[in-house]
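1. Sequence first, then the predicted structure, then my questions.
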Amino acid sequence: MTESRYPPWPAATQRLRIAELQIDLRYRLLLGDGEPQVELPQRVFDLLVLFLAEPHVLHSRAELFERVWQDVVVEDANLSQTVWLLRKALGPDRKSWVRTVAKGGFVFEPPSAPEVLDETATVPTEDLPATETIATTSCPPATDSLGQIPATAVRRRPVRWLAGALLVLVVALGVGSWLRTHQTASPETAPVRKAIAVALVDVRDPAAGGDARWPGRLLHAWLEWKLMSLPEVVLLSEADLSSKLIDASPDIVLISSGQLPGHPDQAYVRARISGGADQLQLSGPQAQVPQMVDQLSVQLVQRLLPGRAATQWPELALDPQAARRFVDAYDAHQRRDWVASVQAGKEVVARAPGFGLARLQMAQALSKLGQAAPAQAQVSMARKNLNPLPPETSAVLAAWQLGLDPQRPADAARAYARLAQRYPHKTEFALQQANFLARSGELEQARTILTRPDWEQQPIAMRIDQLLALADVDGNLGNRQRARNSAQDAYNLAEAAGDGWSLERGNALLVLAQIDAMQHQDKADFTLYERAAEAFASGGDEFDALLARVLGETAHPTTNSRAHMDQLLAEARAGGYRNLEIGLLLRVGMQQFAAGHHAAYRERLQQALAIAIDSGNTLKQEIVDLHLLNDDLLRADLAGAARRITRLHNSHLQGTSLAMVDQYEASVDQIRGRYAHALAVIDRSQRAAVERGRPLPPYALAEFDCQRGELLLQQGRLAQARAAWTQCADAQQADNQWQMIVGRANSDLVAGDRASALKPLQVSLAQLRQTPDGPDRWIMSINLAPLLARAGDLHAAASLYPPVVQGANAAGYDLLLALAKTGMAEVAAARGQWAASTTFAADARKLIPADAWIPDYRLREVEMVDAMARGDRVEASNVLEQLDAMAHRLGDVQVQMEAHSLMSANAVFGDCTPAARSALAARTGLRGANLAWLTASLPIMAKAPLMAASDPATRDL
């Protein structure tokens, strides 16, 4: 937060106190006497600091947006949510300190001025609080009311920035030293040792002949793992040596190996520490190379870290053949050839099952390939194999395992937070903390870490990773210009570093490509994707080269897009890149969906699900399940959708992905007429998000409001429905705007204001006709057409149904087909075309589940009017009585009012008395909720109001 005024307390202040409440300015904590400490999200903390600095001052909403959200465009709801969270954090006895001034803003009114506390306060050591993961799938919107299918059943927004950017961040943080991600919190009892910087440099001995390289590479890999496992060591690459370091120059370990001259069966391994006069060397038979490497690594650790002389490590228990193959696996890992790394690793552990480092390396590669379950299994076995270990390193493996689990980024963030606090010189810990905070949705906290001034002093590789992580976070926060600047800085650093930095250039170019596509859309420079792919390929990284091309094709499909995607899919499958294959299958599936090839779409989804299950990737399974849930609804499989919703509620989904599941649950309830339960689901979802400290973003809240408007209107709560429609439009999304227009027109219709409803319906019709043919347009059509019919424009309504019937029939989407046939039956009845109406209604009946109330009640209304046209008033009265009873049971006030419009003024239908009908009409104001439009073509005599079937007058007729 950038302040326009300076706080009144000293710059070095760490804690403040107001009454019994303490505010820890370093860790964003509130501490009350005898109360659990509360950590504040960044924006909430920024707002509190502003209030503390300027109490008893009226702050307008505009001012607060300018000062707390400077340079960030946010919705008005963000401030309301932030104030709510601050009041909740202050607690019930102190929430009144923040007073709302109507149409003015907010005033902070504490009982006393903040008091600066002694700066020797104890640093808290508790774990960070658990956080919510925001998943990459955005909530689909819901559409119109009055008995139409909610758009939740089909609508999909374009993938937001979050999806691509986090993928790139994972790539960026894997560059070079793969084991940088293996750090975690050490036990509290471990001493904090003096930090040193070390660089390992391979030196080729020109006098060495034959097979000379592998013993030196084995020493490099084994010593690298030991040093990286120690929190006091900062390990640098050769390219880092020219960069500015925090402390003294690093210790450089020069490593070489070869055959002894004249003794081809004898090998040597040699190492020398820069600045040291002596050289360490061991020699012996080739069969003893692993033992020599092991001994030399122990000696080097003791020379570099005298305080570690007594530290015990596991033995390098490999035979020469396994050791050579491990070097192959290590080299493949360094160039990111994950498939080759896994294959070589499997051969190593087949010969040496107890060699834990090979299993760790395999776990990293398997994770990159999307095989989460095998990766976890390898880590578990590695933890058993790697003994003995220093206390710090033992904890390393547990935390790294957290980081490999896609469902536990918040846990990993907490682990790295503790370690970063204990070892502030080890910036890898802070970088990983920020990385996992970003993955768990805590973007502001991640940005606070990534914008510290000390990053300027880091080695080049670390600086590039930090800049790319910052670009990712800023992109997710919506500030694309800041994101672009950071990515460009990262690219410039990699470019200036010269040879050996092609992978870093590729990462930077890929982030720049995605930002450019988001900012400029069709005018973006899409060649950046190919440049990134070429940079990766030049560094030997075929995996990320393929990834860059996939993202490029996704961002900018070509005329040959489908064939190109199939080619990329074949490459991903051949390479064993399971995560990428799943993503491509989903992308190809969505292309098939948009093209109307829905059988092929479902086939791709099932293939993706099978791969996710086979690879043990539960997160991908859940993402595919969300797509299949959409398909369940479109095919009218309400029971299957309900089962899938239950399964997803028991999954690891969080944030907006979990909100999407809730929206689907509310949609199934809505189709079944369970309006009260649907509203409870929506309220529960929003409340749970707030209670977890992760309120839903504005677009998700707006989509819930769209759906809430439909439900409230069916319940006869007209004023509340209109308020919900207003909120529905707040997110400024085009489809939400369309739903808002249609929803308000619907409200006007049921209120009896047909003239006000007709113009917005015509505007909506014009917008619909600009939408390409496909499920989105079909959904819009079956929502808009019934309202046009009720407004009297039967011609426009009738014109919308045939394309839906043709498309939905070909796609196998029975729910859409049933609703279209229902609408055609209504139009035919309104026109007096009774034979056609009966046929369409019978067709629709065959397609809907027994508990699908929305199409069922509409068909009952058609069947009732058809019986009146035939003169069968007993049948019509029976249908009417059943319809009214069911509407009463479900609380569907709108349908009750429509049924009442056909009842005789003095008729009693069960519990539905004339007095009850009058009271309901007065209470709801739904004067336009009637069936006059549907009975318009009935003969005069047939229009006579209906009596109960048991009434003698009805029997006489």
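-> In hand now; what should we look at?

2. Could you work out the end-to-end span of stretch 804-822 for me?
-> 12 Å (Cα to Cα, to the nearest Å).

3. quick one: contacts of it?
-> 148-149, 153, 596, 598-599, 633-636, 671, 773-775, 778-779, 781-782, 801, 824, 840-841, 843-844, 847-848, 852, 854-855, 858-859, 862 (Cβ atoms under 8 Å, 6 or more residues apart in numbering). Backbone N, C-alpha and C define where each C-beta goes, glycine included.

4. Now which of the residues you listed would you call buried?
-> Buried subset of the contacts of stretch 804-822 (neighbour count, 16 or more other Cβ atoms under 10 Å): 148-149, 153, 598, 633-636, 671, 774-775, 778-779, 781-782, 801, 824, 840-841, 843-844, 847-848, 852, 854-855, 858-859, 862.

5. Where strands are concerned, which of the residues you listed count?
-> Residues of the buried ones among the contacts of stretch 804-822 located in strands (DSSP state E): none.

6. Spatially, which residue comes closest to Leu357, not counting chain neighbours?
-> Once flanking residues are discounted, Leu357 sits nearest to Trp225: 5.6 Å by Cβ to Cβ, 6 or more residues apart in numbering.

7. In a helix, the one you found, correct?
-> Yes. If the criterion is DSSP: H, G, I helix; E, B strand; the rest coil, then Trp225 is within a helix.

8. separation between it and Val342?
-> 18 Å (Cβ to Cβ, to the nearest Å).

9. And these two? Which one has more around it.
-> A direct count of neighbours by other Cβ atoms under 10 Å for Trp225 and Val342 places Val342 higher, at 26 against 21.

10. and the next element down the chain from the host helix or strand of the more buried one?
-> Here Val342 sits within helix 338-351, counting by DSSP states H and E. Sequence order places helix 356-368 as the next helix or strand after helix 338-351, per DSSP H and E.

11. That following helix: how far from the chain's middle?
-> 26 Å (Cα atoms, centre = their mean, to the nearest Å).

12. what mean pLDDT does that helix have?
-> If you average the pLDDT over helix 356-368, you get 88.

13. Also stretch 285-301?
-> Mean pLDDT, stretch 285-301: 93.

14. Next: stretch 224-236.
-> 86.

15. now do the same end-to-end measure for it.
-> Where stretch 224-236 begins and where it ends lie 10 Å apart, using Cα to Cα.

16. Show me how far that stretch is from its chain's centre.
-> Averaging C-alpha positions (Cα atoms, centre = their mean) puts stretch 224-236 33 Å from its chain's average.

17. How about stretch 792-799?
-> Here stretch 792-799 is found 41 Å from its chain centre; the criterion is Cα atoms, centre = their mean.

18. Identify the residues contacting Val339.
-> 365, 369, 575-577.

19. I misspoke; the intended subject was Phe543.
-> 336-338, 368, 536, 575, 577, 580.

20. related to what we said a few turns ago, just the buried ones among the contacts of stretch 804-822: which are in helices?
-> Counting by DSSP state H, the part of those found in helices is 598, 633-634, 671, 775, 778-779, 781-782, 801, 824, 840-841, 843-844, 854-855, 858-859, 862.

21. so after the helix or strand bottoming out on mean pLDDT in the chain, what's the next helix or strand?
-> Within the chain, no helix or strand scores below helix 161-172, which has a mean of 29 by mean pLDDT, DSSP states H and E. Sequence-wise, the next helix or strand downstream of helix 161-172 (DSSP H and E) is strand 196-202.

22. on that earlier part again, compare the contacts of Val339 and tell me which has the most neighbours.
-> Going by other Cβ under 10 Å, Ala365 tops the contacts of Val339 with 28 neighbours.

23. Let me know whether that residue touches Gly345 as I believe.
-> Yes. Look at Ala365 against Gly345 with Cβ atoms under 8 Å: they come within range, at 7.1 Å.

24. ok now the strand or helix carrying Gln592, how far from the chain's centre?
-> Taking DSSP H and E as the criterion, Gln592 maps to helix 578-595. Taking Cα atoms, centre = their mean, the mean C-alpha location of helix 578-595 is offset from the chain mean by 18 Å.

25. Can you list the buried residues in that helix?
-> Quick answer for helix 578-595 (16+ other Cβ under 10 Å): 578-593.

26. try stretch 470-487
-> 470-477, 479-480, 482-487.

27. which residues in the stretch 651-800 of the chain form helices?
-> Remark: helices assigned in the stretch 651-800 of the chain by DSSP state H, counting those that start in this stretch are 655-671, 675-691, 698-714, 718-728, 734-750, 754-768, 775-790, 794-811.

28. how close does the residue nearest to Leu357 sit to Leu386?
-> 9 Å.

29. Find residues that contact each of those two.
-> With Cβ under 8 Å, 6+ apart as the test, Trp225 and Leu386 both reach 357, 360.

30. Run through the residues that contact the nearest residue to Arg845 once chain neighbours are set aside.
-> Nearest non-adjacent residue to Arg845, counting by Cβ to Cβ, 6+ apart: Leu859, 6.3 Å away. Counting by Cβ under 8 Å, 6+ apart, Leu859 makes contact with 822, 825, 841, 844-845, 848.

31. Columns distance to Gly925 and pLDDT on top of these, output as CSV?
-> Below are the contacts of Leu859 laid out as CSV (distance: Cβ to Cβ, whole Å; pLDDT from 0 to 100):
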residue, distance to Gly925, pLDDT
Thr822, 27, 97
Ala825, 29, 97
Ala841, 31, 96
Ala844, 31, 96
Arg845, 33, 96
Ile848, 31, 93
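
32. Please identify which pair of those lies farthest apart.
-> With Cβ to Cβ as the measure, no two of the contacts of Leu859 lie farther apart than Ala825 and Ile848, at 12.4 Å.

33. you'd agree Trp933 is up against Arg790?
-> Yes. Counting by Cβ under 8 Å, Trp933 touches Arg790, with 5.2 Å between them.
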